[in-house]
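[1] Starting from these lines, generate the structure:
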Amino acid sequence: MNETVIIRDGVYICPVCGSKRITEAMQAVILKKCDANTRTIISTITNKPYMSNRDKAFEYDCASPSGVGCWFYVCRKCGWESGLYVE
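    Take a look at the predicted model:
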């Protein structure tokens with residue numbers, strides 16, 4: 001099986017079925033603060049030991065993909081998965 005995703009004119013294409021329904025799964029860097037004694041999560045916005053879902057969503061949206069360690073591609077049509085790419 002071909003382990004490399006095809007890129008044609010900037011569009012990712014599945015090498016097995018030819019579908020354009022490709023998902024890129026990547027590792028992102030998220031800053032997480034925890035209390036050293038109780039291990040509870042501390043909000044980076046309010047600096048209090050509670051993180052609302054809104055705060056968690058904000059941190060997730062601000063996650064930096066720069067310095068990503070690894071990523072791979074998945075075809076949503078046939079289920080093909082590429083090999084693991086490492087930076």
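[2] Residue 22 contacts residue 75, correct?
    Yes - if you go by C-beta atoms under 8 Å, residue 22 and residue 75 touch, sitting 6.0 Å apart. Where you see a C-beta, it was placed from the backbone N, CA and C, and this is true even at glycine.
[3] More neighbours: which of those two?
    residue 75 (22 against 19; other C-beta atoms under 10 Å).
[4] if we can go back for a sec, which neighbours do residue 22 and residue 75 have in common?
    Shared contacts of residue 22 and residue 75 (C-beta atoms under 8 Å, 6 or more residues apart in numbering): residue 14.
[5] what's the closest non-adjacent residue to residue 19?
    residue 77 (4.0 Å; C-beta to C-beta, 6 or more residues apart in numbering).
[6] which SSE is that neighbour in?
    Under the criterion DSSP states H and E, no helix or strand holds residue 77.
[7] got it, and residue 58?
    helix 53-61.
[8] What residues of the very next helix or strand once past that helix count as buried?
    Sequence-wise, the next helix or strand downstream of helix 53-61 (DSSP H and E) is strand 70-75. By 16 or more other C-beta atoms under 10 Å, the buried positions in strand 70-75 come out as 71-75.
[9] Could you break this protein into its assigned domains?
    Using automatic domain parsing, the domains assigned to the chain come out as 1-26+71-82, 30-63.
[10] tell me how far the longest one is from the chain's mean position?
    Relative to the mean C-alpha coordinate of its chain, domain 1-26+71-82 is positioned 16 Å out (C-alpha atoms, centre = their mean, to the nearest Å).
[11] Repeat that for the shortest one.
    Per C-alpha atoms, centre = their mean, the displacement of domain 30-63 from the mean C-alpha position of its chain is 18 Å.
[12] what does the average pLDDT come to for it?
    For domain 30-63, the mean per-residue pLDDT is 83.
[13] same deal with stretch 76-83?
    93.
[14] What are the buried residues along that stretch?
    Buried-residue list, stretch 76-83, by 16+ other C-beta under 10 Å: 80, 82.
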